[in-house]
Each structure stands twice: as C-alpha cells, then as structure tokens.
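J.: Here's a sequence, model it:
(chains A and B)
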Amino acid sequence: MKEINPAKKTALQIALMAVLTAVVVVFTLMFRVPTPIKGYISLCDVIITFSAFLFGPWIAAIAGGLGTGIADVIGGFPQWAPFSFLIHGAQGIIIALIARAGLKKGVPGDAKLFKMILGGVLGMLVMTGGYYLVGGFLHGFKPALVEIPLNLLQSGVGVVLGIIVSRTVLKAYPPVRSLAL
Amino acid sequence: MTTSTYIAGRGFLYWFDARAKLLTVVLLCVLVFLPMRQLGLWVLVGVAFLCAWRATDFKQALQPLRTILFVLIIMVLFTPLTYRDGEFILFIGQFPFITREALVQVNTLIARFLGITYVCSLYVWTTPMADINLAFRWYGLSYQAALVLTLAFRFIPFIADAFRMIQDSHALRNAVRIEGETGKRQRLLDVVPTVTAALVFALKSIPYLAMTLEHRGLGSSVKRTSYRKLHAKGGIFTHVLLSVMIAAVFFLVFITI
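T.: Coordinates of the predicted model:
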C-alpha cells in the first residue's frame, strides 16, 4: 500500500475530522425524531458509527465527541458537552476497534457484518452506560434510569442505519476509500 | 443554522476574561459536589440566575430552566419513590410518599443540576466562541485541535444548508408515494437516501479542504500567528486570582465540615 506523506496525512486528517464533526453537529440538531415522552432522538449515532466503520477509531472519536459536544452547546445543553465528548468519543473508538479487528486490507467498512454489529452493540452499551453514569452523578441514579430505553433506541437506530449507510456510501461514492487512513 | 451562542451585553461577566471564566466554571462545577449546605447551592443558582437576567433578559434567563424542566420533573417524581429511608413526612391517603431524607436528596440534586446548568450556560452566553477556542488554546489545546474546532464551526452552516436542500428534494420525491407505503419501516428507510446523499456531499468537500490546508502551509515548522488574541483588562493574573477567590469564598461560606 502506498505510504502517504505525513504532512498530507495531517491535512487530510484535519479535514476529515472538521467536516465529520460538522456533519455530526448537523445530524444531531437537524435530524430529530420525536419520542412519546417529550424528547427527541437524534441521528448523531449514525454518523459516529459510519465514521468508525470507514475512518477508524481516532477520526470517529474526535468527530463523534466534538460534534455532539458542540451540538450540546449550540442546542442549549452546555452542561452535557464535556460528558458527550467523552462518551461519544469512547463509543466511536469501541465501534471502530471491534469492526476493524483483523482487517488487513481495505477500509473498516469492508468488515464482516457480525463484527460491525458486535462493535455497534458494544458502542450502544458504552453510550447508554456512560449517559446513565453521568446522569446518575448529575441528577440521581434512579431518575437516570428513565433515559436508558431512549438512549438504547437512539444508539440502536444509529447502529442499524450506520451499517446500511456505510455500505451505501461505499457503493455510491467509491473514492471514499482513498480518504480512509 | 446559527452556531453562535453568544449574547451581546455589558457587565462583569463580559469584562471577565474567557480563561479565568472557564476556570471559575470548572471550580464551581466541582464545588457543588463537595459537602455543601443546601442554602449554598441555592445561593449559587440564585446568583447565576440574576447574572443571566442582568446579562440578557428575564425570558432568556429562564431558558436553561425550560431545557431541563422535564428532567427536574422526573427527579421530583422518582427520587421520593425510590429513596425510602428515614422518617416519612408526607402521606397521600395511606401511602407514605416522601421521607425527610428524600426531600433533602431531591433538593440537593435539583439545586446542583440547576447550578451546573446555569453556570455553563452563562459561560457560553457571555463569551464569543472564538474566545472560548482561544481559552482552550491557552490551557494547552494543540494548534491542530483548535483548527479542527474552527473549521467545524465554519462548515456547520454550509453543510446544514446543503442537507436541508437534500431533505427537501427527497421529500418531493416521496410526495408521490401512494398511501399504505408510509409506515414506520418505510419512514426509516426513507432516511437512508437522504443521509447517504448528504454524506457524499460532505465527503466530496474533504479533499479540497485538505488541499487548501496544505496550500495555507499546514505542517510548516514556522510558528503560527493568531488573528485574534485574548486581552484581560488588568492582567490575566488578576482575573485568575478573582476566579479562584470567587470559588474559595463560595467554598468557605457554605462548606458543611
């Protein structure tokens, strides 16, 4: 495989992180599905899963963490921003590490479906568990239980759509492989 | 899409340096988890609310409360039912509803959560996003990380507009769909082409952005200049000292030990 010049790699990494962060912010704030108990489920997990499958752990961690953190600040929940950064960052890392385990060639999007699902499910647990812990710390562990089903639903939808979207993007825009580092 | 959370105004919070203000926010958020008198927590909420009111207006000052109202209601309903230790002080018919300890617990949790929410909201309302970025730089955020943050803010409105257009064009295509094909599964599947198109659009901009960064000299060993700098009137030391003093006074007055 042809080695990329380190300076070029840095420029590409920064561009990838910046654009994907912006995409995560937009998907968190614009694509919202209303839930019955006066809340919203966002599609940020779709992009985090997608980034993890196609671009690996660090891009997914930065784009997911920074994107959701910025969305919290812009959306009026700044107290959650540092926690979202850590939780969604960890979610991106876990999904990518498992999905690309043993993959020597190609982008992580070429990984076996069961690995993608396994990575996605563990990512779901990290995200749901992380928000439960932080929620418990901030406003009590019992009230924080209410958020578990919603977070599971959000991350579950994110994993399913993330797998579908990463496959469709690889088909619709093959040059994306050249962006995977 | 508006990405700025800054609300122009005057007063102490606008004079206070972004770096020292960030330190105050962190210190206060840590302090509310220490064994404090409940009065102290409510004093913090009250002062933060008054600062928000003075910096903006009454309606805007209520905004953080509105965003967390649902969580507060859940806390009020759930905590008494799950925290059953101690002496019951309120009965609903024959049902013992709340103990004294549960009441103290609810009170502490609500005051703490409101305090953190208001302190964080005040910071992003009274500090321009560029200054927040510079404050992070001052605390050691790398040049590249700050660049990612700046570029992300630059790209958000651009990508949001493009996504809205893609959404609209897909909605037009779906408008001709016959009845019976609009179930939940179909609605979920309808998201896929929109998301795919939006992602391809965003991904196409990445090589151009990477190239631009290279041409602008990214990776050069020459020290980068900064268009904007933070100026603390009276010196940064004074501001940091003030920040520590605010936290220390709050701590010493309301600590329970």
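
J.: looking at chain A, which helix or strand does the model trust least?
T.: Ranking every helix and strand in chain A by mean pLDDT, DSSP states H and E puts strand A:32-35 at the bottom, with a mean of 61.

J.: Stretch A:150-157 - what's its average pLDDT?
T.: What stretch A:150-157 shows for mean pLDDT is 88.

J.: And that stretch, what's buried?
T.: Of the residues in stretch A:150-157, A:Leu150, A:Asn151, A:Gln154, A:Ser155, A:Gly156, A:Val157 count as buried by neighbour count, 16 or more other C-beta atoms under 10 Å in any protein chain shown. Every C-beta, even on glycine, is put in place using the N, C-alpha and C of the backbone.

J.: Please list which of those residues also come close to chain B.
T.: Among these, the ones lying close to chain B by the criterion of C-beta under 8 Å from any C-beta of the partner chain are A:Val157.

J.: Just the buried residues of stretch A:150-157: which are in helices?
T.: A:Leu150, A:Asn151, A:Gln154, A:Ser155, A:Gly156, A:Val157 (DSSP state H).

J.: out of the residues you listed, who's nearest A:Ala63?
T.: Comparing these against A:Ala63 with C-beta to C-beta picks out A:Ser155 as the nearest, at 15.9 Å.

J.: Distance check, that closest one against chain B.
T.: According to C-beta to the nearest C-beta, to the nearest Å, A:Ser155 and chain B sit 15 Å apart.

J.: Kindly check the end-to-end length of stretch B:208-228 for me.
T.: Start-to-end span of stretch B:208-228 (C-alpha to C-alpha, to the nearest Å) is 25 Å.

J.: Same question for stretch A:134-144.
T.: End residues of stretch A:134-144 are separated by 9 Å (C-alpha to C-alpha).

J.: Just the closest of the buried residues of stretch A:150-157 to chain B, please.
T.: Distance to chain B across the buried residues of stretch A:150-157 (C-beta to the nearest C-beta) is lowest for A:Val157, with 7.6 Å.

J.: host element of B:Ser169?
T.: Assigned by DSSP states H and E, B:Ser169 belongs to helix B:143-174.

J.: got the buried residues for the helix or strand following that helix?
T.: Following helix B:143-174 in sequence order, the next helix or strand is helix B:184-215 (DSSP H and E). Neighbour-count burial for helix B:184-215 flags B:190-191, B:193-203, B:205-207, B:209-210, B:213-214 (criterion: 16+ other C-beta under 10 Å).

J.: For the most centrally placed residue in chain A, list the residues it contacts.
T.: Nearest to the mean C-alpha position of chain A, by C-alpha atoms, centre = their mean, lies A:Ile48 at 1.7 Å. Residues counted as contacts of A:Ile48 (C-beta atoms under 8 Å, 6 or more residues apart in numbering or on different chains) are A:24, A:60, A:63-64, A:67-68, A:88, A:91-92, A:95, A:123, A:158, A:162.

J.: Keep these, but drop any that are not near chain B.
T.: Okay, of the contacts of A:Ile48 touching chain B (C-beta under 8 Å from any C-beta), that's A:Gly67.

J.: Name the nearest of the contacts of A:Ile48 relative to chain B.
T.: Using C-beta to the nearest C-beta, A:Gly67 is the member of the contacts of A:Ile48 that lies nearest chain B, at 7.4 Å.

J.: Tell me, how many residues neighbour the closest one?
T.: Using other C-beta atoms under 10 Å in any protein chain shown, A:Gly67 has 32 other residues around it.

J.: can you tell me the helix or strand for the closest residue to it other than its chain neighbours?
T.: Computed as C-beta to C-beta, 6 or more residues apart in numbering or on different chains, the closest residue to A:Gly67 that is not its neighbour in sequence is A:Val24, at 2.5 Å. According to DSSP H and E, A:Val24 maps onto helix A:6-30.

J.: what's the angle between that helix and helix B:143-174?
T.: Relative orientation of helix A:6-30 versus helix B:143-174 (axes from the mean of the first three to the mean of the last three C-alpha atoms, to 10 degrees): 50 degrees.

J.: hang on, the earlier thing: the buried residues of stretch A:150-157 into JSON lines, with extra columns for distance to B:Gly93?
T.: Formatted as JSON lines, the buried residues of stretch A:150-157 follow (distance: C-beta to C-beta, whole Å):
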{"residue": "A:Leu150", "distance to B:Gly93": "32"}
{"residue": "A:Asn151", "distance to B:Gly93": "35"}
{"residue": "A:Gln154", "distance to B:Gly93": "38"}
{"residue": "A:Ser155", "distance to B:Gly93": "41"}
{"residue": "A:Gly156", "distance to B:Gly93": "40"}
{"residue": "A:Val157", "distance to B:Gly93": "42"}
